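S.K.: Kindly return the folded structure for what I paste below:
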Amino acid sequence: MSLDDVAKKVTEKGKLESSKIIKEGETEAILIINKAQKEAKAIMAEAREKAEKQIGLMKEQEMSSAEVDGRRNMLKAEKEVLDAVKAKTFQSLRSAPRDKKEQIISGLVKQAGTVISSGFIYSNQEDADYVKRMAGNYQFAGTIQCSGGIIVENSDKTQRLNMTYETLLDDLWQEKIGEVAEILFK
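M.R.: A predicted model of the protein is given here:
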């Protein structure tokens, strides 16, 4: 078997494994979001009930003032729900079992490789052992303060890709907050 055939088989196997990990990650994300949605709906129902009682009392005092205050309270309640959903999603990610974290790290390393093919990799202390094992073309350069995930840099440290849980969730949250709010507050 030629070196090209071996490389082709390794590449194909890597692509299959990468696709599998991404699909598993997407499935896990859907499960986490569904769970968070259920919890958010319960929180929202309670918050709506409180807000509606408050609005009823305010209408008796002064109708125009009640409308303004009620809307402000509803927006505050919605913000609290959104914050709770985000916090619950982040906590689910942080407290994932070790094997799930290893799958996530493996997927992140593969994804990072499409942007920065080699260089340095950093992780938190807790994940350092399996990040070192999965580093591939990256040299483990030390630990950082984060809840999970990785940071990669190219060899001359002019490019940095932050794939920590905090950054990934914040980026995803900014991108999807409108959709999440629409689902929760229909």
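S.K.: Share the number of residues neighbouring Ala77, please.
M.R.: Neighbour count of Ala77, defined by other Cβ atoms under 10 Å: 20. For the C-beta atoms, the positions are set from N, CA and C on the backbone; glycine is no exception.
S.K.: Show me what whichever strand or helix holds it is packed up against.
M.R.: Ala77 belongs to helix 63-94 when elements are defined using DSSP states H and E. Counting contacts by 3 or more Cβ pairs under 8 Å, 6 or more residues apart in numbering; DSSP states H and E, helix 63-94 packs against helix 3-61, helix 165-184.
S.K.: would you put the C-alpha positions of the shortest one in CSV?
M.R.: Output in CSV follows, covering the C-alpha atoms of helix 165-184 (Å, rounded to 0.1, in the frame of the first residue of the first chain):
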residue,chain,number,x,y,z
TYR,A,165,-16.3,27.3,26.6
GLU,A,166,-16.8,30.9,27.7
THR,A,167,-16.0,32.4,24.3
LEU,A,168,-17.8,29.7,22.3
LEU,A,169,-21.0,30.1,24.4
ASP,A,170,-20.8,33.9,24.3
ASP,A,171,-20.3,33.9,20.5
LEU,A,172,-23.1,31.4,20.0
TRP,A,173,-25.3,33.3,22.4
GLN,A,174,-24.8,36.6,20.6
GLU,A,175,-25.6,34.8,17.3
LYS,A,176,-28.7,32.9,18.5
ILE,A,177,-30.2,35.0,21.3
GLY,A,178,-33.0,36.3,19.0
GLU,A,179,-34.0,32.7,18.1
VAL,A,180,-33.8,31.5,21.7
ALA,A,181,-35.9,34.5,22.9
GLU,A,182,-38.5,33.8,20.1
ILE,A,183,-38.8,30.2,21.1
LEU,A,184,-39.1,31.0,24.8
